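A.B. asks: what shape does this take:
(2 chains)
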Amino acid sequence: MERNGKSVFLWLFVIISFGVAGCATTGGSGSSPRVAYSDATAVETTTIDFGSTDLQQIAETMVNSMLTFPPIVQLTTERRPVIFVESIKNKTREHIDTEAITDTISTKLIQSGKFRFVDRTKVNEVLKELQYQSSGIVDESTRAQFGKQIGAEFMLYGNLTAIEKMAGRVKDLYYKFTLKLMNVETGIIEWQDEKEIRKIATRKMIGM
Amino acid sequence: MNKKKLLIFFTLAIGISIVFLPVKKIFASHGTDAEAGGKSDSKDISSYDTFIVYENMSIKNKVKIYNVKMRYVNDILQISVTLTNYTKKPINIVYKFMWFDKDDFEVRANTSPWLPLSFQPKEQKTVQGVAPNPSAKSFKIKISIDN
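C.D. replies: Okay, the predicted model is just below:
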């Protein structure tokens, strides 16, 4: 009788264990999650961490400021200066893909028709192609020549910093993004601007 | 006698011009504001309804455009829109700009991000936008409640 009771208890334990494991692998509901397409430009506040809205706000502010800054306006009236993107230093504790920010900014600047960019990250690939074209396989009349690339006039670089504070259930996260445009020849910073973002998250009493 | 009359006339003329010149200046400066797109309270703000698109009707009577200014900077359209919260409560909205070319085609459609904006009761705030490229000739601002 006691043995029977023990085996029932054992079976019950096994069944519950499988049930829990099953829930864990399927996301708790026992069925696959519902997936739907959403607006990529919508305001996103899933968590307090750096998100798509922060990226879009920063890019929008920086590009608008640069395109309307009087000395830059004067500079781009007659010609389209060439820029190269150095990098955005991520000084926050989060893992943030800062290249995504500079990609959005350079896309908007190119689309404005006021600037041109050179990509120094693809030098090796370009060199390979130029060497291939010089090997004699490619028709000479269509061959790209060595030494014809344009030197960048300006360098785009900046910093992303954050100040994080917590008090009880409230978390305050402040981001500051600084972007600079330096004249490569003179070293003069021709334009600079900042975008500040403050986000506050309040944890619920129960649950989260 | 004639000399005396002439002297009185000139004295009066100078006096009148001293009194009325500043008044004229005030009126002149008001005229400049209007030309630049400034709008006084007495004017009908419903004329700005063509610039606004409400994503949901619940916000329609809560937030309205108070003023619109437009100018070209290096061929690129720059706009400044002043919005007013007509409610007695704080309100969080999101807005985005849509840009249109001379044929009313949307320029770089669906690429402008929704941006958050918070209002205090009865507060007025100005937002600015810059068109994506010189082909944009007009704009609309889309407004929605921030959920």
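A.B. asks: poorly predicted segments of the chain, please.
C.D. replies: Using chain A. A:1-6, A:8-10, A:12-30, A:206-208 (pLDDT under 70).
A.B. asks: should've been chain B
C.D. replies: Using pLDDT under 70, chain B drops low at B:1-3, B:6, B:9-10, B:12-45, B:147.
A.B. asks: at 90 what do you get?
C.D. replies: B:1-50, B:55-61, B:109-111, B:145-147 (pLDDT under 90).
A.B. asks: how is it divided into domains?
C.D. replies: Domain segmentation of chain B under automatic domain parsing yields B:1-36, B:45-145.
A.B. asks: count of residues packed around the closest residue to residue A:81 other than its chain neighbours?
C.D. replies: Nearest residue to residue A:81 in three dimensions, chain neighbours excluded: residue A:153, at 4.9 Å (Cβ to Cβ, 6 or more residues apart in numbering or on different chains). C-betas here are computed from N, CA, C, even on glycine. Residues within reach of residue A:153, counting by other Cβ atoms under 10 Å in any protein chain shown, total 20.
A.B. asks: quick one: contacts for residue B:95?
C.D. replies: Contacts for residue B:95 were tallied using Cβ atoms under 8 Å, 6 or more residues apart in numbering or on different chains; they are B:83, B:114-115, B:117, B:127, B:141-144.
A.B. asks: just put these in JSON lines and tack on distance to chain A and neighbour count.
C.D. replies: As requested, the contacts of residue B:95 are exported to JSON lines (distance: Cβ to the nearest Cβ, whole Å; neighbours: other Cβ atoms under 10 Å in any protein chain shown):
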{"residue": "B:83", "distance to chain A": "17", "neighbour count": "23"}
{"residue": "B:114", "distance to chain A": "5", "neighbour count": "22"}
{"residue": "B:115", "distance to chain A": "6", "neighbour count": "19"}
{"residue": "B:117", "distance to chain A": "10", "neighbour count": "17"}
{"residue": "B:127", "distance to chain A": "11", "neighbour count": "14"}
{"residue": "B:141", "distance to chain A": "14", "neighbour count": "20"}
{"residue": "B:142", "distance to chain A": "10", "neighbour count": "15"}
{"residue": "B:143", "distance to chain A": "13", "neighbour count": "24"}
{"residue": "B:144", "distance to chain A": "9", "neighbour count": "19"}
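A.B. asks: with that, I have no additional questions.
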